[in-house]
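Participant: Structure, please.
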Amino acid sequence: MSKSRFSLYRYQLLPKDRYFQGDLYGFSSVEELIAHKNEIFAKALRAPSVFKGGRSETKAQLVYDDSDVMLFRVAVNRSVEIETQDFNSKTVDSWPKVWVAILNSPDSQIVAVQSRPKAFQHPSAVVKILAKSLEDSLSRSQLSAAWEPMVEKRIFWDLIHKHEGRIKKVEFELVTPNMASISKALPENLKELAKRSNAVKSTLALESADDSSLVLSESESLVRGLADYTSEGGGNVSISLSGVKKKIHTSTTVKEIEISDAKLEGDPKDIADILKGLLR
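Facilitator: Here you go, the predicted model:
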């Protein structure tokens, strides 16, 4: 039975300015804005401009819209050369499609994109188009969105063990958290500092001396917390090795789920329920 793979990405909705003056944007405080962020995001997703603005022409169809999950078909215009019966060839328009599911609740903000190279070479291209199409609408409501791939938790530690004795630097780039479900492993003072300083992202780096290497252990709660948070789509990790110029990024290995193609031919509500169940 053939199956389709879906790549998983996390989005976090953050105030552009935690010190904005109330009433200018329809909310009296940043707390009120955060309380309504998912409603604002849902409204932006229902706009005709969603999934528009990439280099290729795209069309999007919202086929299912529930309180906390939306299901889209996104098609992209591709020119295809076909051979004709008179032994010539001609170019015709093709519109290959992918499924995109978006979970939109305060504790589960995930985008799942079907992998189909015939349409998009990589699912991340769909996420970039989506992010760009929502940017202005969210900005008008004083929100920004940070988008990061989700990765398996073991990826970071597998890389650490594989390159033991060669690791010179590890950088954790963290999206300022506002999702308790994925940020509980982070120290409270780190979370509060990011918020008080009005940061959208922050970076914590560990670097060894020139003639030595980092020693990182899973028993170290702070490093474990940072690794767990970034693996859930809370940021990105880069690892620098001695003798190697190019950094290793954990985000290159995106977490995936699978669903049978037969189920993707069913009723949109059933498809949404299946994907929602796999993403919970």
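
Participant: Can you list the buried residues in whichever strand or helix holds Asp228?
Facilitator: For Asp228, the element it lies in under DSSP states H and E is helix 221-229. By 16 or more other C-beta atoms under 10 Å, the buried positions in helix 221-229 come out as 223-229. (Each C-beta comes from the backbone N, C-alpha and C, glycine too.)

Participant: Note down every partner strand of the next helix or strand after that helix and its orientation.
Facilitator: Where DSSP H and E defines the elements, the next helix or strand beyond helix 221-229 is strand 235-241. As defined by DSSP bridges, the strand partners of strand 235-241 come to strand 167-175 (antiparallel), strand 248-249 (antiparallel).

Participant: Stretch 173-186 spans what distance, first to last residue?
Facilitator: With C-alpha to C-alpha, to the nearest Å as the measure, stretch 173-186 spans 13 Å from end to end.

Participant: With stretch 226-246 instead?
Facilitator: 22 Å.

Participant: Equivalent analysis for stretch 145-158, please.
Facilitator: Taking C-alpha to C-alpha, stretch 145-158 runs 30 Å from one end to the other.

Participant: Need the winner for burial among the strands paired with strand 235-241.
Facilitator: strand 167-175 (a mean of 21; mean count of other C-beta atoms under 10 Å).

Participant: so that one versus helix 221-229, what angle?
Facilitator: The directions of strand 167-175 and helix 221-229 differ by 60 degrees, with axes from the mean of the first three to the mean of the last three C-alpha atoms, to 10 degrees as the criterion.

Participant: quick one: contacts of strand 167-175?
Facilitator: Here strand 167-175 makes contact (C-beta atoms under 8 Å, 6 or more residues apart in numbering) with 12, 14, 146, 148, 160, 186, 190, 194, 200-208, 213-214, 216, 226-227, 229-230, 234-242.

Participant: again, but for stretch 252-267
Facilitator: Contacts for stretch 252-267 (C-beta under 8 Å, 6+ apart): 1-9, 99, 112, 114-115, 123-124, 149-152, 155, 270-271, 274-275, 278-279.

Participant: just the buried members of those residues?
Facilitator: For the contacts of stretch 252-267, buried by 16+ other C-beta under 10 Å: 4, 6-9, 99, 112, 114-115, 123-124, 149-151, 155, 271, 274-275, 279.

Participant: Give me the subset of those that lies in strands.
Facilitator: 4, 6-9, 99, 112, 114, 149 (DSSP state E).

Participant: Now do the phi/psi pair for Val215.
Facilitator: Torsion angles at Val215 (phi, psi; degrees, to the nearest 10) stand at phi -120, psi 110.

Participant: My error: substitute Ile102 in the last question.
Facilitator: phi -130, psi 120.

Participant: Mind telling me what element the residue lying closest to it once chain neighbours are set aside is part of?
Facilitator: Of all residues not flanking Ile102 in the chain, Met70 sits nearest, at 4.7 Å (C-beta to C-beta, 6 or more residues apart in numbering). Met70 belongs to strand 69-76 when elements are defined using DSSP H and E.

Participant: picking up where we left off before, for Ala75, state which of the buried residues of helix 221-229 is nearest.
Facilitator: Tyr229 (34.9 Å; C-beta to C-beta).

Participant: okay, the closest one: pLDDT?
Facilitator: Looking at Tyr229, its pLDDT stands at 95.

Participant: Going forward, count from 98.
Facilitator: Understood, numbering begins at 98; the last thing we discussed is Tyr326.

Participant: you'd agree it is up against Ala277?
Facilitator: No. Contact between Tyr326 and Ala277 fails when scored by C-beta atoms under 8 Å: they sit 11.7 Å apart.

Participant: quick one on the thing from earlier: how about the strands paired with strand 332-338 in CSV, adding distance to Ser126 and mean pLDDT?
Facilitator: Shown next, in CSV, are these (distance: least, C-beta to C-beta, whole Å; pLDDT from 0 to 100):
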stretch, distance to Ser126, mean pLDDT
strand 264-272, 22, 96
strand 345-346, 37, 94
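
Participant: Tell me where the model's unsure across the chain.
Facilitator: Low-confidence segments of the chain, defined by pLDDT under 70: 119-122.

Participant: In it, where's the longest helix?
Facilitator: Secondary structure assigned by DSSP state H gives helix 220-237 as the longest helix of the chain.
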